[in-house]
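Q: mind looking at a prediction? Sequence and model below.
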Amino acid sequence: MTNQFDSVYQELLDIENARQFLKRALEVRYRKKGKVNLADFSRRAGFSSRSFLSEYLAGKKGLSRDSVNQLKITLKLPKPYSDIFSLLVRKDQPELFSNKMSPEEIRQQVSYIKLALQRQMDARSQVKDPHRLLSKPTLFRVFAALGTEEEGASLAEISQRSRMAPESLSDPLNFLMEEGAVVSQNGRFYVRSSQMDFLSLSDAGKLADLTKTLCTQIRTEANEIASENKNNIFYTAFSTQSHLLPEIKEKLREAIFNVLDQYQDDRGDCVHEVFLCGKS
């Protein structure tokens, strides 16, 4: 659930060549610094040759499977855009991949990802006031239990996945429908997008409300959380340089979202909550 709606990524969707895609992605990566630094990026990506990137962008060299993975990790693109880059590389260098795809199959897969992204952006635009959702963690559980965009979920299925009584679902479902995030049809509930990115919101007051509610919930359920081996409690305190805190925050978020992207299954039979709070 990364911030897939940031307008800085939109130009990438019009690019059909891996080298041009990488060039533009580097500009996005360094947009706050004003200038692309290939030497800095090569160091961060772990490339032994600082000229490798410039030679690739100039068409003098190709990529290896390892370098594709290194580029994807270091670019820090949202997963759909990272997947598009992989497909464009596959089109240019099919020999890198054991499972072959025809140019038409690649084109169709890229088109599918673009369509999914557009649906997500359209869905987000339908939400009247997304900040209202941020202070209500119950809504996150219900939203996560709504199944796929195509199949939706019945009240019984939502109850089973969220571990909430059916009678307690009325208010959150009505709220989500009023906000335009969910629609109801023939007794089933459908999300407008399975990747509605409420977590990209930054209203400090709503985030504080969310933190208070979650901490109260954790305090109430502390014994259950600690005793269940499927749950996870992690706490540490460490010394670091204060100017590195923004980078640490970003890397922690990135690591968690990478895991969530890997294991999220809209047809799953349960909802698992993850709450990360770091402070100095």
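A: Received the coordinates, thanks.

Q: what about Ser184, which helix or strand?
A: strand 182-185 (DSSP states H and E).

Q: strand partners (parallel or antiparallel) of that strand?
A: According to DSSP bridges, strand 182-185 forms sheet pairs with strand 188-191 (antiparallel).

Q: residues in contact with the partner strand?
A: 123, 143, 146-147, 149, 151-155, 158, 173, 177, 181-184 (Cβ atoms under 8 Å, 6 or more residues apart in numbering). Glycine gets a C-beta too; all of them are placed from N, C-alpha and C.

Q: where in the chain is the helix or strand with the lowest mean pLDDT?
A: The weakest-scoring helix or strand in the chain, judged by mean pLDDT, DSSP states H and E, is helix 131-134 (a mean of 57).

Q: which helix or strand contains Ile113?
A: helix 103-126.

Q: which secondary structure elements does that helix sit against?
A: Using 3 or more Cβ pairs under 8 Å, 6 or more residues apart in numbering; DSSP states H and E as the contact test, the elements touching helix 103-126 are helix 79-92.

Q: tell me the angle of the helix it packs on relative to helix 103-126?
A: Here helix 79-92 runs at an angle of 160 degrees relative to helix 103-126 (axes from the mean of the first three to the mean of the last three Cα atoms, to 10 degrees).

Q: averaged pLDDT, helix 79-92. What do you get?
A: Mean pLDDT, helix 79-92: 91.

Q: just use 843 as the starting number from now, easier for me
A: Got it, the first residue is 843 from now on, which makes the last one we talked about helix 921-934.

Q: so where is this protein shaky, pLDDT-wise?
A: 843-850, 962-977, 1035-1045 (pLDDT under 70).

Q: outline the domain layout of it.
A: 849-966, 970-1122 (automatic domain parsing).

Q: including mean neighbour count, could the ones you listed go into a markdown table?
A: Output for the domains of the chain, formatted as a markdown table (neighbours: other Cβ atoms under 10 Å):
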| stretch | mean neighbour count |
| --- | --- |
| domain 849-966 | 15 |
| domain 970-1122 | 14 |
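
Q: the helices in the stretch 993-1122 of the chain, which residues?
A: In the stretch 993-1122 of the chain, the segments counted as helices under DSSP state H, counting those that start in this stretch are 997-1004, 1012-1020, 1046-1062, 1064-1069, 1087-1105.

Q: please name every helix or strand in contact with the second one.
A: If contacts are counted by 3+ Cβ pairs under 8 Å, 6+ apart, helix 1012-1020 sits against helix 979-986, strand 1024-1027.
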